[in-house]
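**Student:** here is my input; please provide its structure:
(chains A and B, ligands or ions: 1)
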Amino acid sequence: MKKLIILGAGTSGTMMANHLQHHLKNSEWSIDIIDEREEHHYQPGYLFLPFDIYTPEDIIKNIKDFIPKGVNLIQGKIDKINHNENMISMADGSKNEYDILIIATGAKIAPEEVEGMKGSEWQKSVFDFYTFEGALALRNKLREWEGGRLLVHITEMPIKCPVAPLEFAFLADSFFNHKTMRDKVEITFVTPLSGAFTKPKATEALEHLLNEKDINIESDFAIESVDNENKKIIDYGGREIPFDLLVTIPTNKGDEVIARSGIGDELNFIPTDKATLQSKAQKNIFVIGDASNLPASKAGSVAHFEAEILTENILNFISGKPLNETFDGHANCFIETGNGKALLIDFNYTHEPVEGTFPFPGIGPLRLLKETRMNHMGKLAFRWIYWNMLLKGTHLPFVSSQMQESGKHFD
Amino acid sequence: MEKTIAGKAVAVNEEGYLTNFAQWEPRVGSEIAKEANIDLSPRHWEVINYLQGEFKNESPLSIRKIGKSGVVDIKEFYQLFPNAPLKTSSKIAGIPKPASCI
Ligand SMILES: Cc1cc2nc3c(=O)[nH]c(=O)nc-3n(C[C@H](O)[C@H](O)[C@H](O)COP(=O)(O)OP(=O)(O)OC[C@H]3O[C@@H](n4cnc5c(N)ncnc54)[C@H](O)[C@@H]3O)c2cc1C
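**Tutor:** Below is the predicted model:
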């Protein structure tokens, strides 16, 4: 009997468990999946929780409910990957050997990376919304906040779902409008990038929206510290921006287990072949989702496309065939823009997001890079799709794992 | 597009970054630096050499990474290349604008 172990039962690990349970003969392979948590969180929901659009119950389910029969779920903290010995050590001292390993341990915030960020104002006037606890604390704050200077701030790239901070700014505009207190709030988007986004066409469209919604933008801001006493953020060049409420996306890092195992880069992301998803460290180790160092978005949709390709490659690897070099960095993200509308972007390693129609060329019904109500319906439907299709590894109808060029308006 | 920098014809993009690193020469770098009001000292050159090495290794660059490189700390990096140090220094080094991958 051979053994495949999946580390992490979040979005990617759960999808892989479902795919592989289906494809591997259970007379030949046993599959373990390991996670320290008992809850599975729908992380895209963290964006909506602060504005009372979703409740905690919409976001949290039992991890067990999504692990297929026949896959062995082990609850516990992973201490180390001994990649030269093909063995996992757990924090409780137990050991587990594998023939093939899939790492899906994700990414998490590390506010301690910036001096003063997790200081005396943490969860008083300095908040994150990339954790459940952070999003909930922020919800409670926003319920009673009376206005002032709101900064929506990105510490450094890469971050999970790189559009989420912009969406937060848009939703905040909409939220304060509905509370008829928009005139009491000054919203500023602070970013280490030179514009609203990393890709030129989308940046143009997004900056137009920021402008329309009267949201200021401060770009090229590389934060050095948070001054808790005087409530301002300071960058390495000495620039200072004052705040009454700071909503920050702290540095995102891979789990510490990656550092302990000596297989990560300086942010604990794992060097991975960007087309095959094989780790650079060992041939029998594969990486999926936010844990890798791929130059692709850290998003659930990306993980979904990766999962289809990784499944093929695990089967190729087992039968001694060459790996398919087919992952193209495909990402497909809804960008909530407030007032019941959203944008949709679809892109990959080489093609930036442009205008067009999706998924049917020339028809839609979704419009790329345009604010529509239909796109907003798509964003809300994504939660249902996530729980009912994505995690189960169901192929999404009409959406291929490689990006389509037709229906898009490239220059 | 083509641009003549320090008497040498080089291909650049609309933001002025070289599009072909093979065309870079130290005098091209010095000239681009002058346009940004920077006089290159030996310290600048150490940083530029480091950036070019990382570029050749296809290793993506970020401010943090440079801060941890042991070549220069972030404070000094800002002093050497004020305002947007990573962009300015990349332009001088003849390498692409850092993409800060998404
Ligand atoms: C605010 C926000 C909004 C987002 N919006 C979107 C969106 O609109 N669309 C989209 O596609 N994506 C979105 N995302 C991104 C998406 O949620 C992630 O990309 C996706 O969840 C990544 O899946 P993963 O399996 O790689 O990591 P995760 O789902 O984070 O899973 C990692 C798992 O590994 C476990 N683990 C880690 N280390 C250990 C250890 N040492 N021992 C035991 N267990 C461990 C963790 O407990 C966790 O369960 C958003 C993310 C955030 C934070």
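**Student:** in the helix or strand harbouring residue A:6, which residues are buried?
**Tutor:** Using DSSP states H and E, residue A:6 sits in strand A:2-7. Neighbour-count burial for strand A:2-7 flags A:3, A:4, A:5, A:6, A:7 (criterion: 16 or more other C-beta atoms under 10 Å in any protein chain shown). C-beta: built from backbone N, CA, C; applies to glycine.
**Student:** give me the pLDDT value at the fourth one.
**Tutor:** The per-residue pLDDT reported for residue A:6 equals 98.
**Student:** thought it was touching residue A:15?
**Tutor:** No. At 9.8 Å, residue A:6 and residue A:15 do not qualify as touching, with contact defined as C-beta atoms under 8 Å.
**Student:** just to revisit the earlier point, list just the nearest of the buried residues of strand A:2-7 to chain B.
**Tutor:** Among the buried residues of strand A:2-7, residue A:7 lies closest to chain B (C-beta to the nearest C-beta), at 23.1 Å.
**Student:** what's the worst-scoring helix or strand of chain B on mean pLDDT packed up against?
**Tutor:** Using mean pLDDT, DSSP states H and E, the weakest-scoring helix or strand in chain B turns out to be helix B:63-67, at a mean of 85. For helix B:63-67, the elements it packs on are helix B:42-56, helix B:74-80, helix B:85-93, judged by 3 or more C-beta pairs under 8 Å, 6 or more residues apart in numbering or on different chains; DSSP states H and E.
**Student:** what angle sits between the longest one and helix B:85-93?
**Tutor:** For helix B:42-56 against helix B:85-93, the angle between stretch directions is 90 degrees (axes from the mean of the first three to the mean of the last three C-alpha atoms, to 10 degrees).
**Student:** ok, the residue lying closest to residue A:213 once chain neighbours are set aside to the ligand distance?
**Tutor:** Spatial nearest neighbour of residue A:213, excluding adjacent residues (C-beta to C-beta, 6 or more residues apart in numbering or on different chains): residue A:173 at 4.5 Å. As judged by C-beta to the nearest ligand atom, to the nearest Å, residue A:173 and the ligand stand 18 Å apart.
**Student:** run a quick neighbour tally on residue A:173.
**Tutor:** Using other C-beta atoms under 10 Å in any protein chain shown, the number of residues around residue A:173 comes to 23.
**Student:** ok so it is a helix residue?
**Tutor:** Yes. Assessed by DSSP: H, G, I helix; E, B strand; the rest coil, residue A:173 belongs to a helix.
**Student:** hang on, isn't it packed against residue A:215?
**Tutor:** Yes. Between residue A:173 and residue A:215 there is a contact under C-beta under 8 Å: 6.2 Å.
**Student:** common neighbours of these two, please.
**Tutor:** Common neighbours of residue A:173 and residue A:215, counting by C-beta atoms under 8 Å, 6 or more residues apart in numbering or on different chains, are residue A:187.
**Student:** the spatially most central residue of chain B and residue A:340, how far apart?
**Tutor:** In chain B, the residue lying closest to the centroid (C-alpha atoms, centre = their mean) is residue B:90, at 2.3 Å. Here residue B:90 is placed at a distance of 41 Å from residue A:340 (C-beta to C-beta, to the nearest Å).
**Student:** near chain B at all, stretch A:229-248?
**Tutor:** Yes. Counting by C-beta under 8 Å from any C-beta of the partner chain, chain B has neighbours in stretch A:229-248: A:236, A:237.
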